[in-house]
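**Q** Provide a 3D model corresponding to the input given below.
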Amino acid sequence: MALPRFRGVLLCEDREHERFFRRLLERWIGKGKLHVNRIPNRGGAGDAYVVAEYAKEVQQARRWKSENYALVVAIDGDREKLHGRLERLDRRLETAGLPRRTENESIIICVPSRNIETWEIWLCGVRDIDEKQDYQQRFREAERQDKASPKMAVREWFRSLSAAGSRLEEKTLPALSAARAEVRRFES
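**A** Take a look at the predicted model:
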């Protein structure tokens, strides 16, 4: 069920994140005024850009907390994985003199591990994967064959998982399972 119109920011690494998360947000939160903050012209490391911008965006989200405002952060896990990235973002707030994110803030962090294409190909039905390998090329090939796309992946995100499917996802892609928990936390 979509919430009332919102305003917010999607802080992400690149266009692929934007392709996936913009669709996800529209289905999840509804249409609204969304500003996308991603690395301009792919000039450098996307993860470093997200970390550098994080404290500024958190300050903005905290200023607008009484509004229907959300900050959604998407940063690939790469080799650091979920917990490494979360710790890195927490340290960024600390170095900026800000308190860590709390559970009651509308700040959602999604850490696709190893990268967003891992989630996309999983959501499109490929199960012989893990969070250690890079599936960008495999996803691109599936896209060329019309077997996968960000749009298909987002549609599958919202399908109900069986108990067995949920356990398999949690075991195989714990970062995706954690992102689903982030979504549920925001909805409540």
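**Q** all helices for the chain, in order.
**A** 15-28, 46-63, 81-95, 116-123, 136-144, 150-157, 163-172, 174-187 (DSSP state H).
**Q** The longest one to helix 15-28, inter-axis angle?
**A** The one in question is helix 46-63. 30 degrees (axes from the mean of the first three to the mean of the last three C-alpha atoms, to 10 degrees).
**Q** helices or strands next to helix 46-63 in the packing?
**A** With contacts taken as 3 or more C-beta pairs under 8 Å, 6 or more residues apart in numbering; DSSP states H and E, helix 46-63 sits against strand 7-12, strand 33-38, strand 69-74, helix 81-95. Where C-beta positions appear, they are placed from N, C-alpha and C, glycine not excepted.
**Q** mind putting these in CSV, mean neighbour count and distance to residue 112 included?
**A** As requested, these are arranged in CSV below (neighbours: other C-beta atoms under 10 Å; distance: least, C-beta to C-beta, whole Å):
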stretch, mean neighbour count, distance to residue 112
strand 7-12, 23, 10
strand 33-38, 16, 14
strand 69-74, 24, 7
helix 81-95, 16, 9
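**Q** Let me have those in a markdown table, adding distance to residue 119 as columns.
**A** Shown next, in a markdown table, are these (distance: least, C-beta to C-beta, whole Å):
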| stretch | distance to residue 119 |
| --- | --- |
| strand 7-12 | 13 |
| strand 33-38 | 17 |
| strand 69-74 | 10 |
| helix 81-95 | 12 |
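**Q** quick one: which of those is nearest residue 123?
**A** strand 69-74 (14.6 Å; C-beta to C-beta).
**Q** Reformat the helices and strands packed on helix 46-63 into JSON lines and put mean pLDDT next to each item.
**A** Below are those laid out as JSON lines (pLDDT from 0 to 100):
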{"stretch": "strand 7-12", "mean pLDDT": "91"}
{"stretch": "strand 33-38", "mean pLDDT": "88"}
{"stretch": "strand 69-74", "mean pLDDT": "92"}
{"stretch": "helix 81-95", "mean pLDDT": "96"}
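**Q** Ok, which of those comes nearest residue 142?
**A** strand 69-74 (20.6 Å).
**Q** Direction included, what does that closest one pair against?
**A** If you go by DSSP bridges, strand 69-74 pairs up with strand 7-12 (parallel), strand 107-110 (parallel).
**Q** could those strands go into TSV alongside distance to residue 95?
**A** Below are those laid out as TSV (distance: least, C-beta to C-beta, whole Å):
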stretch	distance to residue 95
strand 7-12	17
strand 107-110	17
